[in-house]
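K.L.:
Give the three-dimensional model of this entry:
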Amino acid sequence: MRRDDYILMSSLALLNAFPETRSKVVVGLLNDQVFDLDQLRRPQKFSLGFRIHHALISMNKALMTFDEEGMLGAQVVLDLKDSRPLLQIKTSVGTKSFDLEVTFSSPFAMSSTELVELLNAQSFDQEIWQSVLEFINASNRINQSSEIDIGEIKKYLINPNNQNHFNVIVESVIELVQIEALVRNAAFQIPLQLNLKLKLRDPDLSYGIPLNPENKDPRYLASLQLQKQSSWGLASAEYRWEMYLWNELPLMDWEEHPVTLESAREDLVLALKRIYTFSDEVATPFTEAFQMALFVLNDPLFKSLSVNPGFVTAAKIALEKNNYSERAKSAFDRVFQDTGDLLNAGLTPEVVCSLKAFSIGNVFGGMGSWNDQAFPKPEDSAEFKASSNQLYQALQVFFIASLNKIC
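P.N.:
This next block holds a predicted model:
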């Protein structure tokens, strides 16, 4: 299960558990060696919390707040605008809706404020600020973001809302400053207090000298020179954190769910059968994934899901009987390895099996995933798109219906 989906499942289980049984959910789903529910931005941990009325609070503090308001329940709904799952919490005070926001600490030791300090320390600071401005605006144009002017650039860099963009551009900015220093035959100035924020990089001897250097731009030549000598790069951050925040949305009514898990399951089975047939015909490497998702949904064995040796043995025999490859068997073991934790956290066998079938059938993603394929025949391409859309929609509805059985 993807991290965001796991956070959604765990949050819902916590919110719907009675206060006296929440510790069981925490032990089963949110190991305190990995997750922190008391402190946000905890170094070396994944921290969980909420942003409510623009204030950041930890997960445990939020749970206390909802309990004080009179907790009535939590559920997941599908945002029809962009097909993302939203969390809804209902208390005696009213209903609040949230979407998941993921924030990472910078991988670099240097902060945005310290970068501004470094740029100001250069003897050619006015020129370098102009170069950095042009670089940032070029990046913003690519990302279809608003351009800024020279008077806004320092505020832009130190604005916490631009942290992700800072993380993307800061290495290039450090290199840009050194190139400008070489062009001007000036020293690259590093304030004493920033010494530990940078580190020397070894020369990259793979960079060659251009055949006609007299025809090249000075900055291009300087960039080649920089690669062929020791230069300054960014030191890595010593302690990093990852924060998952449930971000409060504008007021939404509590939604009643017309789709039951049973009907969502029927739709998913139809979608899986269709895409399995297509995948088998064109011989993609995903055929066994669709076959296994159907196996988990349909085989009576999984109605008696448990962690006892009898079930495990029966599952292995069933996999062998259905001629699954060793790769598929290993994937099955990985998907089901946390079954005991989920059951101990209070999830029913029906919900656990549903979530496992969802994980197996959810083959969508980036490079190397199901949707990263192309088919030369028009009829294959058309069926690929149609069956993929049907499966994707069925998976979303099924996942939400499965989560809403957690209570």
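K.L.:
ok, now which ones touch residue 108?
P.N.:
By CB atoms under 8 Å, 6 or more residues apart in numbering, the contact set of residue 108 is 167, 170-171, 197, 234-237. In this view, the C-beta of every residue, glycine as well, is placed from N, C-alpha and C.
K.L.:
Just list whatever residues bridge to it.
P.N.:
Residue 108 has these beta-bridge partners by DSSP bridges: residue 236.
K.L.:
now it: how far from residue 79?
P.N.:
If you measure residue 108 against residue 79 using CB to CB, to the nearest Å, the figure is 34 Å.
K.L.:
related to what we said a few turns ago, give the ChimeraX command for selecting the buried subset of the contacts of residue 108.
P.N.:
Only the buried members of these enter the following ChimeraX selection, criterion being 16 or more other CB atoms under 10 Å:
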select :170,197,234,237
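K.L.:
contacting residues around whichever strand or helix holds residue 294?
P.N.:
Here residue 294 sits within helix 287-298, counting by DSSP states H and E. Outside helix 287-298, the residues that touch it by CB under 8 Å, 6+ apart are 265, 268-269, 272-273, 275-276, 279-280, 302, 318, 322, 324-325, 327-328, 331-332, 353, 356-357, 360-361, 363.
K.L.:
and these, which of them are in helices?
P.N.:
The members of the contacts of helix 287-298 that map onto helices under DSSP state H are 265, 268-269, 272-273, 275-276, 279-280, 318, 327-328, 331-332, 353, 356-357, 360-361.
K.L.:
Any chance of a ChimeraX selection covering the buried ones in those residues?
P.N.:
A single ChimeraX command suffices to select whichever of the ones in helices among the contacts of helix 287-298 are buried according to 16+ other CB under 10 Å:
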select :265,268,269,272,275,276,279,328,331,332,353,356,357,360,361
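K.L.:
what bits of the stretch 151-300 of the chain have low per-residue confidence?
P.N.:
Screening the stretch 151-300 of the chain residue by residue with the criterion pLDDT under 70, one finds the ranges 204-216, 228.
K.L.:
quick one, strands of it?
P.N.:
For the stretch 151-300 of the chain, applying DSSP state E, counting those that start in this stretch gives strands covering 198-201, 231-234, 242-248.
K.L.:
and residue 379, which of those strands is closest to it?
P.N.:
Relative to residue 379, the nearest member of the strands of the stretch 151-300 of the chain by CB to CB is strand 242-248, separated by 42.9 Å.
K.L.:
name the helices or strands packed onto the closest one?
P.N.:
On a contact count with 3 or more CB pairs under 8 Å, 6 or more residues apart in numbering; DSSP states H and E, strand 242-248 meets helix 3-16, strand 46-52, strand 95-104.
K.L.:
Mind putting those into TSV with distance to residue 295 and mean pLDDT?
P.N.:
As requested, those are exported to TSV (distance: least, CB to CB, whole Å; pLDDT from 0 to 100):
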stretch	distance to residue 295	mean pLDDT
helix 3-16	21	94
strand 46-52	32	95
strand 95-104	30	93
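K.L.:
any chance of these in CSV, plus mean neighbour count?
P.N.:
Converted to CSV, the helices and strands packed on strand 242-248 look like this (neighbours: other CB atoms under 10 Å):
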stretch, mean neighbour count
helix 3-16, 21
strand 46-52, 21
strand 95-104, 16
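K.L.:
Same list, those, but as CSV with distance to residue 69 please.
P.N.:
As requested, the helices and strands packed on strand 242-248 are exported to CSV (distance: least, CB to CB, whole Å):
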stretch, distance to residue 69
helix 3-16, 12
strand 46-52, 11
strand 95-104, 10
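K.L.:
do you know which of those lies nearest residue 341?
P.N.:
If you check each of the helices and strands packed on strand 242-248 against residue 341 by CB to CB, helix 3-16 wins as the nearest, at 10.6 Å.
K.L.:
Could you count how many residues lie near residue 346?
P.N.:
19 (other CB atoms under 10 Å).
K.L.:
Tell me which helix or strand it sits in.
P.N.:
Here residue 346 sits in a region with no helix or strand, counting by DSSP H and E.
K.L.:
so how far is residue 14 from it?
P.N.:
10 Å.
K.L.:
any residues in contact with both of these two?
P.N.:
Counting by CB under 8 Å, 6+ apart, the residues touching both residue 346 and residue 14 are residue 25.
K.L.:
Stretch 138-157: which residues count as buried?
P.N.:
With burial defined by 16+ other CB under 10 Å, the residues of stretch 138-157 counted as buried are 140, 148, 153-154, 156-157.
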